[in-house]
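*Asks:* show me how the following folds:
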Amino acid sequence: MKTFVALLLLTQALAAVCQAPVTPPDPAPLKRHAIAEKFILDRLAIWQERLQLRDWKITLLTSHPSELRAGTLGNIRWDLDGKTAVIRVLDASDYKTSFPSALKDMEFTVVHELIHLEFATMARTDESRREEEYAVNHMADALLHLDHGDAWAQVATGNKTTLALR
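*Replies:* Residues are numbered from 1 along each chain as shown. Alright, predicted model coming up:
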């Protein structure tokens, strides 16, 4: 009987040690906004420096879908003369994905919108806007791949682009 009890205790101890790591739960909805805002402001500063846009005063606003054009996750408005810009990014609470996926998408949106500043002085037509959007998506994806490695994958579904872990 002693051997059985000892074996049972050893088995339980091994099971506790050998369990697969548990993925932490997403933060509570009330904390998502604050965590996401700090994350995305930190990433904005990094990408603004990397893209050599340090002379721009860029404001970041998290926004709800009603504040964005239908089907978009963000936008940018700029003043070339004043070198100011406002980037709107979909608020983390409005994503229907996991919190880490929402943060990744928010960072993609920030990088995407910052790249638009590089094209701010170019003339635009409806045709060139489509081409610019295509190029900006690919540049943002490439930059994020360089920054984050193979953890980033861009998955195109119809005309909507989302990011997913590989």
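*Asks:* burial of residue 112, as a residue count?
*Replies:* 24 (other Cβ atoms under 10 Å). (C-beta placed from N, C-alpha, C; glycine too.)
*Asks:* what's the helix or strand containing it packed up against?
*Replies:* When elements are assigned from DSSP states H and E, residue 112 belongs to helix 99-118. Where contact means 3 or more Cβ pairs under 8 Å, 6 or more residues apart in numbering; DSSP states H and E, helix 99-118 is packed against helix 29-50, strand 74-79, strand 84-90, helix 126-148, strand 160-165.
*Asks:* mind checking what secondary structure residue 120 has?
*Replies:* Under the three-state scheme (DSSP: H, G, I helix; E, B strand; the rest coil), residue 120 adopts coil.
*Asks:* okay but it is in contact with residue 81, surely?
*Replies:* No. Applying Cβ atoms under 8 Å as the test, residue 120 and residue 81 come out as separate, 11.1 Å apart.
*Asks:* how far does stretch 51-70 stretch from one end to the other?
*Replies:* 28 Å (Cα to Cα, to the nearest Å).
*Asks:* circling back: just the helices and strands packed on helix 99-118: most buried one?
*Replies:* strand 84-90 (a mean of 20; mean count of other Cβ atoms under 10 Å).
*Asks:* residues in contact with it?
*Replies:* Residues from elsewhere that reach strand 84-90 (Cβ atoms under 8 Å, 6 or more residues apart in numbering): 40, 44, 56-65, 67-68, 73-79, 105-106, 109-110, 113-114, 117.
*Asks:* ok, stretch 106-126 next?
*Replies:* By Cβ under 8 Å, 6+ apart, stretch 106-126 touches 36, 39-40, 43-44, 47-48, 51, 53, 56, 58, 60, 73-76, 78, 80, 85, 87, 89-90, 92, 128, 132, 136-137, 139-141, 143-144, 163.
*Asks:* and residue 65, how far from residue 27?
*Replies:* 21 Å (Cβ to Cβ, to the nearest Å).
*Asks:* if you could redo that for residue 119, that was the one I meant.
*Replies:* 36 Å.
*Asks:* over to residue 145?
*Replies:* Taken as Cβ to Cβ, the span from residue 145 to residue 27 is 26 Å.
*Asks:* which residues touch residue 97?
*Replies:* residue 105.
*Asks:* any regions of the protein where pLDDT drops low?
*Replies:* Applying pLDDT under 70 to the chain flags residues 1-25, 150-166.
*Asks:* and the residue nearest to residue 113 when sequence neighbours are not counted, what are its bridge partners?
*Replies:* Excluding the flanking residues, the one nearest residue 113 by Cβ to Cβ, 6 or more residues apart in numbering is residue 76, at 4.0 Å. Note on residue 76: beta-bridge partners by DSSP bridges are residue 87.
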